[in-house]
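**Student:** what's the 3D shape of this:
(chains A and B)
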Amino acid sequence: GENVEQHPSTLSVQEGDSAVIKCTYSDSASNYFPWYKQELGKGPQLIIDIRSNVGEKKDQRIAVTLNKTAKHFSLHITETQPEDSAVYFCAATPSYGKLTFGQGTILTVHP
Amino acid sequence: GAVVSQHPSWVICKSGTSVKIECRSLDFQATTMFWYRQFPKQSLMLMATSNEGSKATYEQGVEKDKFLINHASLTLSTLTVTSAHPEDSSFYICSHAGLASYEQYFGPGTRLTVT
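**Tutor:** Purely as a prediction, here's the structure:
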């Protein structure tokens, strides 16, 4: 089955800096890669996703890049704000449903 | 995104009792629902997939007789933890997927504590 590795496990940045979180996956058949933000005691919130026919996608301060050859994808957050502090999860799936999640990254943005 | 609700948001029960968790899709018809379990400071682990009107498919290692899933309508799925034990204490989260959609939208989660 699919295996997703996520790094780093913790990330601390100053407000206004950029943050980058990276994930690698094992199943070359995976074709959908979402990113979720989870705040303490809440369910994950979809913040951006990318499909295998696209190399990059951007939504305001958030962007995701995908390298299918290397089997890795990354989340980029620019101009970070304290409210960006949360746990971020990447995921991958080769088929409809059955998401496999990375281990999560605790992002802390210091004012 | 889709709106998903869960009830209750938290529950405390005694060992040996059963607990039912409801997951509702509030604004669209969900043909497929997923149940995840998340232990503190860990990632989400898929427990089972259910399709409306049919039996759930459980992931390896998940006891189907212990975690009963019912998906009787396009807006409601339930997870019943039977004969709960302290090791079942966890954060249970459901998600909905639409027809032929890769996107999953998660509920707010239910914190279960078994004493």
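
**Student:** just the pLDDT at the residue nearest to the spatial centre of chain B, thanks.
**Tutor:** Central residue of chain B (Cα atoms, centre = their mean): B:Trp35, 3.6 Å from the mean position. In this prediction, B:Trp35 carries a pLDDT score of 95.

**Student:** ok, for it, nearest residue in space, not its chain neighbours?
**Tutor:** Computed as Cβ to Cβ, 6 or more residues apart in numbering or on different chains, the closest residue to B:Trp35 that is not its neighbour in sequence is B:Met47, at 4.6 Å. Glycine gets a C-beta too; all of them are placed from N, C-alpha and C.

**Student:** bridging residues for the residue nearest to the centre of chain B?
**Tutor:** B:Ala48, B:Cys94 (DSSP bridges).

**Student:** enumerate every residue touching it.
**Tutor:** Residues in contact with B:Trp35 (Cβ atoms under 8 Å, 6 or more residues apart in numbering or on different chains) are B:23, B:46-48, B:50, B:67, B:69, B:77, B:79, B:92-94.

**Student:** for it, give its distance to chain A.
**Tutor:** Using Cβ to the nearest Cβ, to the nearest Å, one obtains 12 Å as the distance from B:Trp35 to chain A.

**Student:** do the same with B:Gly16
**Tutor:** Distance, B:Gly16 to chain A, by Cβ to the nearest Cβ: 27 Å.

**Student:** let me see the contact set for that residue.
**Tutor:** B:83-85.

**Student:** just send these back as JSON lines, with pLDDT and secondary structure too.
**Tutor:** Shown next, in JSON lines, are those (pLDDT from 0 to 100; DSSP: H, G, I helix; E, B strand; the rest coil):
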{"residue": "B:Ser83", "pLDDT": "97", "secondary structure": "coil"}
{"residue": "B:Ala84", "pLDDT": "97", "secondary structure": "coil"}
{"residue": "B:His85", "pLDDT": "96", "secondary structure": "coil"}
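
**Student:** for burial, what's the neighbour tally of B:Ser15?
**Tutor:** By other Cβ atoms under 10 Å in any protein chain shown, 12 other residues sit near B:Ser15.

**Student:** thought it was touching B:Asp88?
**Tutor:** No: contact between B:Ser15 and B:Asp88 fails when scored by Cβ atoms under 8 Å: they sit 9.1 Å apart.

**Student:** what bridges to the residue nearest to A:Arg51 when sequence neighbours are not counted?
**Tutor:** In space, and not counting its chain neighbours, A:Arg51 is closest to A:Tyr32: 5.6 Å by Cβ to Cβ, 6+ apart. Beta bridges link A:Tyr32 to A:Arg51, A:Thr93, judged by DSSP bridges.

**Student:** next one: A:Tyr32 from B:Ile93, what distance?
**Tutor:** Per Cβ to Cβ, to the nearest Å, A:Tyr32 is found 19 Å from B:Ile93.

**Student:** try B:Ser15
**Tutor:** According to Cβ to Cβ, B:Ser15 stands 23 Å off from B:Ile93.

**Student:** do the same with B:Thr32
**Tutor:** 15 Å.

**Student:** looking at these two, which one has more neighbours?
**Tutor:** For B:Thr32 versus B:Ile93, neighbours defined as other Cβ under 10 Å are more numerous around B:Ile93 (25 against 21).

**Student:** my guess is the more buried one contacts B:Tyr36, does it?
**Tutor:** Yes: using Cβ under 8 Å, B:Ile93 is in contact with B:Tyr36, at 4.7 Å.
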